[in-house]
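1. what's the 3D shape of this:
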Amino acid sequence: MTIEFSKPLVAHETPIPGVVLYDLPVHGDNRGWFKENWQREKMVALGLPDFRPVQNNISFNEKAGTTRGIHAEPWDKFISVATGRIFGAWVDLREGPSFGAVFTAELDPSQAIFIPRGVGNAFQTLEDNTAYTYLVNDHWSADAQSQYTFLNLADETAAISWPVPLEQAELSDKDKAHPRLADVTPMPSKKVLVVGANGQLGKALRELYDGDTSVEFAARDDFDLSKEESFTGRNWKNYSTIINAAAYTAVDTAETPEGRKAAWDANVAAVARLAKTAVEYDLTLVHVSSDYVFDGTAGTHGEDEAFTPLGVYGQTKAAGDAVVSVVPRHYIVRTSWVIGEGNNFVRTMASLADRGIKPSVVNDQIGRLSFTEDIAAGIKHLLESGAAYGVYNLSNDGEAQSWADIAGDVYKLCGASREDVTGVSTEEYFAGKEAAPRPLNSFLDLGKIKGTGFTPASSSDRLAAYLRG
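-> Next comes the predicted model:
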C-alpha cells in the first residue's frame, strides 16, 4: 500500500447529492503515519453537515476480495480506511430524482467519504487485513434495522464494475439475495411535522404542502403540546423539522388570570418542550413570532431589535423567541396582523360593509397585513433555500397603513364607500374597555428575508385577491 503523504484537506463533490469524498492529510515519518481522521471544525468549514456522530464502528477483513453491501441505513455515515485499501460503491436509494445514481472510488487511509442517510453503501477489499471504519450519528436498534434498504450487489442497472468478480469474492448469503433496483422501495425522506395544523397558518401550510407525503400535520387532538406523551410517543429520529404553527393569540384575554396562565403554557412552556426535542434530536425548529414583542416606538422594526413587550401576550411571545433562539437549527419568523382562513379583521370589515354598517376603526396603529399563504411560502423558502438560521421578519410588502386605512380599502373593494369608515385613536377606541396595550408601530423591515431571494406579495394585491376569494 502506498499512501500519499501531506495532501491538503480537500472536498470533492460526487454525482450523488450529499455524498462528498475527502482527501485527508496524512503525516508520515520513519515510525509510520498519523492523520486526523475526523476533525469536526475543519470538516464543517469544508461544508460537511455537522452530523453529530455517536458511534464508531470498525470492520476488519482478512482477505482481499471480501465484499459487503449494498445497505442503506437511516443514518449518516463518515467512512474511512484505517489499514489496507478498498473499492467503495455507493448507490442513491432515497426517494427522489437522484434514485439509482452510482458513485465508485478506491479509498486508502488518505481518503474518507460522507454518506447521507438512505444512500446504499458497499465495499470490496483490495488488500488482505483491511480495516474499514465509520462514524454514524445514531445507535443501532431493531426499529432502525427495520428501515434499512438493500440492493443486490450484482444489480444490472447499477452495473458496478467490481475489481474482484462477485463469483470469486467473499460475501454473505444475505448480500447475495438482496433485490434488484426495480424491486427496491426507496427510503423516504425524513418528515416535517407541522403542529397547530388547524389554525390559520396551519391551514395555509396544509394547502401549500398538499400531496407532499414528507409533511405530516398534527392538530391539537393529534399532538397536544401540553402533554408529555405527545413527545415521548413519537420516533423523532424519523423527522428533520418541526414547524410550530400553534400559539395562544387572545391578546386581551391574556391579561386575565386564566388567560395569563393559558398564554404562558402555550407560548412558552410548550415551546420549551419543542425546543428541548429539537436540540436532543438535531431537528430544525421553525417558530412563528409577533410584532407584539416590541412596544412600537421604533420607526421600523429590524430582526435585532431588543424585546420591549407591553402586555402579557407580547411577553410570552418574547419569552418563546428567547427559548427557540438556543436551538442550533432554528428559524424565528416574526410577523404581524395575520390574515388567513377563519375569523379576522378583513372578514369582519367585509361583513360590516355588506350590511351597510359604518364603523369607527383605529387610525394610529400602523403596520402591514401578513397573509398566511405568504407566511407559509416564506417558511418553505427558508427551509428549502438553505438560508442562514436565525430571525426573519415576514409580512406582506408595501407601504405602512393604519387599521382604518385597511378598513377603507376593504370597504372600497366590497363596493361600499371608503368614507363610511371613521378613524379614531387607540385611546378613544378602547376607552372604558379592558384591553391589552398594543404597539402603535408594527412596521417590519423585510430586507433580511428579501436578501435570501424571497419577496412577499404586496399587501394590496393579496387583500384584493382575498376578498375576491
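2. ranges for the helices of the stretch 51-200 of the chain?
-> 142-145, 173-176, 200-208 (DSSP state H, counting those that start in this stretch).
3. Deepest in the core, which of those helices is it.
-> Comparing these by mean neighbour count (mean count of other C-beta atoms under 10 Å), helix 200-208 ranks first with a mean of 21. (Glycine included, C-beta is placed from N, CA and C.)
4. chain center to it, what's the gap?
-> 16 Å (C-alpha atoms, centre = their mean, to the nearest Å).
5. Same check on stretch 289-296?
-> 24 Å.
6. likewise stretch 8-25?
-> Centre to centre, stretch against its chain (C-alpha atoms, centre = their mean), the figure for stretch 8-25 is 25 Å.
7. average pLDDT across it?
-> Averaging pLDDT along stretch 8-25 yields 94.
8. how's this protein carved up into domains?
-> The chain breaks down into these domains under automatic domain parsing: 10-183, 191-468.
9. Surely residue 377 and residue 208 touch.
-> Yes: the pair residue 377 / residue 208 is scored as a contact, 6.5 Å apart, by C-beta atoms under 8 Å.
10. Need the helices of the stretch 51-200 of the chain in TSV (columns: mean pLDDT).
-> Output for these, formatted as TSV (pLDDT from 0 to 100):
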stretch	mean pLDDT
helix 142-145	82
helix 173-176	92
helix 200-208	96
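11. Now distance to residue 61 too, for those helices, in a markdown table please.
-> As requested, the helices of the stretch 51-200 of the chain are exported to a markdown table (distance: least, C-beta to C-beta, whole Å):
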| stretch | distance to residue 61 |
| --- | --- |
| helix 142-145 | 22 |
| helix 173-176 | 14 |
| helix 200-208 | 49 |
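12. Looking at the ones you listed, spot the one closest to residue 281.
-> Among the helices of the stretch 51-200 of the chain, the nearest to residue 281 by C-beta to C-beta is helix 142-145 (13.6 Å).
13. Which helix or strand in this protein has the lowest average pLDDT?
-> One helix or strand of the chain scores below all others by mean pLDDT, DSSP states H and E: helix 142-145, with a mean of 82.
14. Tell me which residues are up against it.
-> Helix 142-145 is contacted from outside by 73, 74, 75, 138, 235, 237, using C-beta atoms under 8 Å, 6 or more residues apart in numbering.
15. Distance check, the closest residue in space to the fifth one that isn't next to it in sequence against residue 432.
-> The spatial neighbour of residue 235 that comes closest, neighbours along the chain excluded (C-beta to C-beta, 6 or more residues apart in numbering), is residue 143 at 7.0 Å. As for residue 143, its distance to residue 432 is 60 Å (criterion: C-beta to C-beta, to the nearest Å).
16. Strands of the stretch 301-450 of the chain, start to end?
-> With DSSP state E, counting those that start in this stretch as the criterion, the stretch 301-450 of the chain has strands at 330-335, 338-339, 360-362, 366-367, 370-371, 390-393, 401-402, 422-424.
17. Counting neighbours, what do you get for residue 223?
-> 21 (other C-beta atoms under 10 Å).
18. swap that for residue 424, please
-> Residue 424 has 17 nearby residues by other C-beta under 10 Å.
19. just residue 461 next, same as before
-> Residue 461 sits with 13 neighbouring residues when counted by other C-beta under 10 Å.
20. Would you mind listing where this structure has pLDDT under the threshold?
-> 1-6 (pLDDT under 70).
21. try it again with 80
-> 1-7, 233 (pLDDT under 80).
22. Most distant residue from the centre of it?
-> residue 30 (49.4 Å; C-alpha atoms, centre = their mean).
23. isn't residue 345 right up against residue 404?
-> No: in this structure, residue 345 is not within contact of residue 404 by C-beta under 8 Å, at 11.2 Å.
24. Who has more neighbours out of the two?
-> residue 404 (22 against 16).
25. Could you double-check that residue 315 lies in contact with residue 322?
-> No: here residue 315 does not reach residue 322: they are 10.8 Å apart, not a contact under C-beta under 8 Å.
26. Comparing these two, which shows the higher neighbour count?
-> Neighbour tally, residue 315 and residue 322, criterion other C-beta under 10 Å: the higher count belongs to residue 315, 20 against 15.
27. So that one versus residue 264, what's the distance?
-> 9 Å.
28. do the same with residue 329
-> Taking C-beta to C-beta, one finds residue 329 at 25 Å from residue 264.
29. between the two, who's got more neighbours?
-> Neighbours were counted for residue 329 and for residue 264 using other C-beta under 10 Å; residue 264 has more, 18 against 15.
30. ok, for that one, nearest residue in space, not its chain neighbours?
-> residue 316 is the one closest to residue 264 (C-beta to C-beta, 6+ apart), at 5.4 Å.
31. How many residues are close by that neighbour?
-> 27.
32. With residue 299 instead?
-> 8.
33. Give me the phi and psi angles of it.
-> phi -70, psi -40 (degrees, to the nearest 10).
34. Cross-check the contact I'm expecting between it and residue 441.
-> Yes: look at residue 299 against residue 441 with C-beta under 8 Å: they come within range, at 6.8 Å.
35. what sits against residue 124?
-> 65, 66, 67, 68, 86, 87, 89, 162, 163, 164, 169.
36. Turn the residues you listed into a markdown table, including neighbour count and distance to residue 361.
-> Listed next are the contacts of residue 124 as a markdown table, based on neighbours: other C-beta atoms under 10 Å; distance: C-beta to C-beta, whole Å:
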| residue | neighbour count | distance to residue 361 |
| --- | --- | --- |
| 65 | 19 | 81 |
| 66 | 22 | 78 |
| 67 | 25 | 75 |
| 68 | 20 | 71 |
| 86 | 29 | 72 |
| 87 | 19 | 73 |
| 89 | 23 | 68 |
| 162 | 18 | 75 |
| 163 | 15 | 78 |
| 164 | 17 | 80 |
| 169 | 19 | 79 |
